[in-house]
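In: What follows is a predicted protein model with its sequence.
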Amino acid sequence: MCELFGIKMLSELAYTRRGQGEPLVLLHGIGHRHGAYDPVIDELAKDFDVIAADLPGLGDSPGLPEGVPYTTENVVRALAENFDRWGISRPHVVGNSLGGMFSIALAQLGHVRSATCLAPAGYFRPWNLLRAGGTLLPLKLGSYLPASALRQFSKLKFGRKFIGWSLYAHPERHDSASTFADSMAMKRGPGFWAYFVRCIPLGFSTPRVFRGVATVPITIAWGNKDRVLHPTQALLARKRLRGISFVGLLDCGHVPMADSPTQVVAAIRNTAAKASGQLNA
């Protein structure tokens, strides 16, 4: 653990930063990396001070300290600590999948001004977990192949489609370098299994932080071709957390940033504008 103002931090996150304006933090999904936002970060940087971060124990970020469980409370604390480290206060936040779940928690606990959640985890039915596991686990198990094999597989058109099929509606839009980086992020993230196991109870009960009434502008956007979390889970989110907005993302998969950068950027800008009073909530 590093120290901030003499207090030990849970995790000093890896990140990239660019742009000027109101702060905007981007959070990826389980087994992924902040590079998932590469297709939209330059456009967002025209309006925002954008920080794309790797979640604790994923991407290039270290895991939580030994003995500290990967609970929502601990991850939110780690994120809030890094907000202070980055010199920002109550940023806008965008989260995909697992990152979307933490974005809702950040919003409901008062750490952010708005949250745009792209297919957020956390609103499962038990059978939804079977679907998610059936798509994610083959990717995770396949990532244990030697790095040299993954690199060669990523160079093949078929390999890129196979690796990206469950995540993207259009895996063919990803080059070999991006596909290989996705595979290595899945392979190396020490927090994957801890997050995966922690998500299972959410299929049977919903923590209080994900229920009630939204306290800041929250938008849930879902791709109509999501193969990991079915778009109908948005209906459960609407039932459990009132006062949120919903956006359908056409021709988009579970990780929609590359499938349709325009739709994703529009959802983010509209949500942030509500928090700034530029649009009616």
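Out: That came in fine, so what should we check first? Numbers count the residues shown, from 1 in each chain.

In: use CA for all of it now, contacts and neighbours both
Out: Noted.

In: So what's the residue count around H254?
Out: Residues lying near H254 (other Cα atoms under 10 Å) number 27.

In: OK, contacts around the residue nearest to it when sequence neighbours are not counted?
Out: Leaving out its chain neighbours, the residue that sits closest to H254 by Cα to Cα, 6 or more residues apart in numbering is D226, at 4.4 Å. D226 makes contacts with 166-169, 252-254, as judged by Cα atoms under 8 Å, 6 or more residues apart in numbering.

In: mind redoing it with 10 Å?
Out: 119, 166-169, 249, 251-256 (Cα atoms under 10 Å, 6 or more residues apart in numbering).

In: Of those residues, which pair is most distant in space?
Out: S166 and L249 (16.2 Å; Cα to Cα).

In: circling back to that earlier point, let's see which of the contacts of D226 end up in strands.
Out: Secondary-structure check on the contacts of D226 using DSSP state E: residues within strands are L249.

In: TSV please, covering the contacts of D226 and showing pLDDT and distance to L24.
Out: Rendered in TSV, the data for these read as follows (pLDDT from 0 to 100; distance: Cα to Cα, whole Å):
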residue	pLDDT	distance to L24
A119	97	18
S166	92	27
L167	95	24
Y168	96	24
A169	95	26
L249	98	21
D251	98	25
C252	98	22
G253	97	23
H254	97	21
V255	97	18
P256	98	18
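
In: Using neighbour counts, give me the buried entries of the contacts of D226.
Out: Under a neighbour-count criterion of 16 or more other Cα atoms under 10 Å, the subset of these counted as buried comprises 119, 166-169, 249, 252-256.

In: Looking at those residues, which is nearest A214?
Out: When the buried ones among the contacts of D226 are ranked by distance to A214 (Cα to Cα), A119 comes first, at 17.0 Å.

In: any idea how far the closest one lies from L236?
Out: For A119, the distance to L236 equals 12 Å [Cα to Cα, to the nearest Å].

In: same check, this time on R151
Out: 39 Å.

In: R188 too?
Out: Counting by Cα to Cα - R188 and L236 are separated by 32 Å.

In: who has more neighbours, those two?
Out: Neighbours were tallied for R188 and for L236 using other Cα under 10 Å; the higher tally belongs to R188 (18 against 14).

In: List the contacts of that one.
Out: Taking Cα under 10 Å, 6+ apart as the criterion, R188 is in contact with 31-32, 57-60, 140, 143-144.

In: So which residues of the protein form strands?
Out: Taking DSSP E, the strands of the chain run over residues 3-4, 7-8, 15-18, 22-27, 48-53, 92-96, 114-118, 212-213, 218-223, 241-242, 245-249.
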